[in-house]
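Q: need a 3D model of the following:
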Amino acid sequence: MSPDPTHQARDRSPTPHPQPARLTGILRTWHDDRDYGFIAPAHGGREIFVHISQFPRDGSRPTEGERLDYSAGLGRDGKPQALQVSRKALGQEPASRQGQATSHARPPRPTQPTARPWIVTLGLGAAITVTAIWGYTQIQAGWHRADLQQQPPASSTRPTAGATDTADAPPTSTTTPAGTVPDHRCDGRQHCSQMQSCAEATWFINHCPGMKMDGDNDGVPCEQELCPVGAMR
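A: Coordinates of the predicted model:
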């Protein structure tokens, strides 16, 4: 019995291979200068290599963060690689990847409150003003002390009423008549050579302390100069 040619033709037809399952993921990294990157699978697991040759040739370049559909296969080097990539849209990273990124992310640093510029300027201006006022008062005090030091000392004697210029007046005798006592005051004179009369010396030893005109303490001053003992008797 001759074989059925139809059956033989059916037996020679190639057996169809099952299509690999389509997977989804996010293009996590992409090196545009080297035409390759890595996809983070939506179901988790290790990132898979992908080459530019597996993308649609529509003139656009892959973008990090876009969602992709792909088939998992092996590359020429025998390593896992994404094949027959179709581009969806920019999307979120898989939940497992987000958790890993969050766990490794550093906590944000607390922000330091910054001072308002006008407050800093106002404080600086007030400090400069106070310093200038203090310096000016110190300079004025120094000037006042210098003026006081340059002034001549005040005279301890007061001019008598009706006194005239001694340069124009004729010379007059300064001897006080005996027995008269002018308006005296303790002016620091202590010795007989500073007295003008016996009455003046007697008034000084009776009214002023520290006199040195009565050596024998008999109440008679300047017994050899102004008040001889014989004359007093």
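Q: which residues of the protein score low on pLDDT?
A: Along the chain, the model assigns pLDDT under 70 to residues 1-20, 89-116, 148-149, 151-182, 229-233.
Q: show me where this structure has its strands.
A: Secondary structure of the chain (DSSP state E): strands at 22-31, 36-41, 48-51, 66-74, 80-90.
Q: most packed of those strands?
A: Highest mean neighbour count among these (mean count of other CB atoms under 10 Å): strand 36-41, with a mean of 21. C-beta: built from backbone N, CA, C; applies to glycine.
Q: that strand pairs with which strands?
A: When pairing is defined by DSSP bridges, strand 36-41 lines up against strand 22-31 (antiparallel), strand 48-51 (antiparallel).
Q: so this structure: which segments form each domain?
A: What automatic domain parsing lists as the domains of the chain is 20-102, 192-227.
Q: tell me which residues in stretch 189-196 are buried?
A: Across stretch 189-196, burial judged by 16 or more other CB atoms under 10 Å covers 189-190, 192, 195.
Q: that older thread, among the domains of the chain, which comes closest to Gly142?
A: domain 192-227 (39.5 Å; CB to CB).
Q: any idea how far apart the tips of that closest one sit?
A: 10 Å (CA to CA, to the nearest Å).
Q: would you mark the buried spots in that domain?
A: Residues 192, 195, 197-205, 211, 213-214, 220-223, 226-227 are the ones in domain 192-227 that count as buried (16+ other CB under 10 Å).
Q: ok so, going back, any chance of the strands of the chain in CSV, plus distance to Ala132?
A: Formatted as CSV, the strands of the chain follow (distance: least, CB to CB, whole Å):
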stretch, distance to Ala132
strand 22-31, 63
strand 36-41, 67
strand 48-51, 72
strand 66-74, 66
strand 80-90, 63
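Q: other SSEs contacting the helix ranked longest in the chain?
A: The residue-count maximum for a helix in the chain (DSSP state H) belongs to helix 117-150. Using 3 or more CB pairs under 8 Å, 6 or more residues apart in numbering; DSSP states H and E, no helix or strand is in contact with helix 117-150.
Q: for it, which residues meet the burial criterion?
A: Within helix 117-150, no residue counts as buried by 16+ other CB under 10 Å.
Q: surely Arg87 touches Leu68?
A: Yes: Arg87 is within contact range of Leu68, at 6.0 Å (criterion: CB atoms under 8 Å).
Q: quick revisit: how about TSV for the buried residues of stretch 189-196, with distance to Ala40 added?
A: Formatted as TSV, the buried residues of stretch 189-196 follow (distance: CB to CB, whole Å):
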residue	distance to Ala40
Arg189	116
Gln190	116
Cys192	124
Met195	123
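Q: in helices only, show me the residues you listed.
A: Among the buried residues of stretch 189-196, no member falls in helices (criterion: DSSP H).
Q: any idea how far the nearest residue in space to Thr202 that is not next to it in sequence is from Ala199?
A: Sequence neighbours aside, Pro221 is the residue nearest to Thr202 in space, at 5.9 Å (criterion: CB to CB, 6 or more residues apart in numbering). The gap separating Pro221 from Ala199 is 10 Å, by CB to CB, to the nearest Å.
Q: same deal with Leu226?
A: Taken as CB to CB, the spacing of Leu226 relative to Ala199 amounts to 9 Å.
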